[in-house]
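Engineer: generate a structure from the sequence data that follows.
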Amino acid sequence: MGNAALVTKIFLVTLMLKSLVEAWLESKNKNHIYMNRDEVPEKFKEKITLEEHQKAADYSLAKIRLGRALRLLNLFILLGWTLGGGLEWLDNKVSQYALDQIAHGVTFFAAFGLISTLLDLPQSIYSTFVLEEKFGFNKTTPKLFIIDTIKGLVLGALIALPLLAAMLWIMGKMGANWWIYAWLFFTAVQFTLLWAYPRFIAPLFNKFSPLEEGEVKNKVLGLLERTGFKSNGLFVMNASIRSSHGNAYFTGFGKNKRIVFFDTLINSLNPEEVEAVLAHELGHFKKKHITKQLIRSTVTTLVGLFILSRLMIWPDFFLGHGSASAGTHMALVLFSMVAGIYTFFLTPLFSWISRKYEFEADEFASQHANPNDLISALVKLYKDNASTLTPDPTYSAYYHSHPPALIRVNHLEQLSAAKN
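Structural biologist: Numbers count the residues shown, from 1 in each chain. Modelled structure (predicted):
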């Protein structure tokens, strides 16, 4: 067996194992949610009705059914691009224009991105206007959906294509150690975008208004003063124009940090609950979770670029994944498409780390706010977002970045008892 044939076999076996694990976990989760559909867990019976619990279960089951169909579709799309010769076909089409290496690569990526967007469009339409609409979450109008799609394409082209051109130049001109220069460039771009996102990119899609004077703002300012957190502003985002789901987040870094509340969250929670939710988010910052995630991201990028630098000089990597072309642009797109298949089995490790961070942030919140307010806020968010209270434990351990509702509430109750 040739090396290329062996690469193909490894690719297909890994893809099959990934698909089997996904299907097994999904089946366990579906059965567990369905079996617990008709009874609210004892811990939540006073705050969540059976009707609300069943809505959350039905919403989760509907997402599972949709996810199963989309996973199968995306599997065929992946195989079509790789072993089916789609990338090779597209590269040959671009080659007809006799462009130089960088222009060829940028044109290839532009065409690939446009085709991928068109292939994803039916999925987005169905998810937004059928699934989310059915359960009362969708607030997006067709006009807004079209505007968002066009904005995303234009913004993606304006940002991504010049960066890709620079990346391809580095890969082609900086010798065997190009991956080090590419990593430095990529890291600089990452931090630049983190700085620019809250001021220049996010406002293109949403309206950000200063948090109004009142009890909520007073609670938030008091919390910031107690914890010594410096912010460049408190803002409310008009998330309700697209969805009724609620959330809050930090964005930016350094002196450009902003705290953003979804208007849906502000309208759903009382001032004490908003304070507790923000205390949790501050916990991520104070416990250095954001810094750790950035470090992990930059290290992962460095390792990934090093591996790519080895693979791009190995013809069997291209042939084994369905491409006879071996240019820098082909190496970049092929690696980005298949890397997630080989790293899929690391998912539970990263999920565990994320859940560990959530527990630590809850501990911080319990020190600087009332943990019972955080519990009541979480219960409201579970209810408002129709989040299932009964995910399968194995599925949750593999995928979920947050602890299941019951485990998280139990932990917060222990923190409350210890505090009192």
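
Engineer: and the helices in the stretch 201-350 of the chain?
Structural biologist: Residue ranges of the helices in the stretch 201-350 of the chain, as given by DSSP state H, counting those that start in this stretch, are 215-227, 263-268, 271-286, 289-311, 315-320, 328-343, 347-368.

Engineer: closest to Val7 out of those?
Structural biologist: When the helices of the stretch 201-350 of the chain are compared by CB to CB, helix 315-320 sits nearest Val7, at 2.5 Å. C-beta coordinates here come from the backbone N, C-alpha and C atoms, glycine included.

Engineer: identify each buried residue in the closest one, please.
Structural biologist: 317-320 (16 or more other CB atoms under 10 Å).

Engineer: repeat that for stretch 64-78.
Structural biologist: Going by neighbour count (16+ other CB under 10 Å), the buried part of stretch 64-78 is 64, 70, 77-78.

Engineer: in CSV: these, plus secondary structure, distance to Lys173 and pLDDT.
Structural biologist: Below are the buried residues of stretch 64-78 laid out as CSV (DSSP: H, G, I helix; E, B strand; the rest coil; distance: CB to CB, whole Å; pLDDT from 0 to 100):
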residue, secondary structure, distance to Lys173, pLDDT
Ile64, helix, 47, 95
Leu70, helix, 39, 94
Ile77, helix, 33, 96
Leu78, helix, 31, 96
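
Engineer: if we can go back for a sec, nearest to Ala196, out of the helices of the stretch 201-350 of the chain?
Structural biologist: Of those, nearest to Ala196 by CB to CB is helix 289-311, at 15.7 Å.

Engineer: ranking the helices of the stretch 201-350 of the chain by burial, who's on top?
Structural biologist: helix 271-286 (a mean of 23; mean count of other CB atoms under 10 Å).

Engineer: let me know the angle separating that helix from helix 289-311.
Structural biologist: Inter-element angle recorded for helix 271-286 and helix 289-311: 50 degrees (by axes from the mean of the first three to the mean of the last three CA atoms, to 10 degrees).

Engineer: please report phi then psi for Leu99.
Structural biologist: In terms of degrees, to the nearest 10, the main-chain angles of Leu99 are phi -90, psi 160.

Engineer: does it touch Lys93 like I think?
Structural biologist: No. In this structure, Leu99 is not within contact of Lys93 by CB atoms under 8 Å, at 11.8 Å.

Engineer: model confidence for Gly254, exactly?
Structural biologist: Gly254 carries a pLDDT score of 62 in this model.
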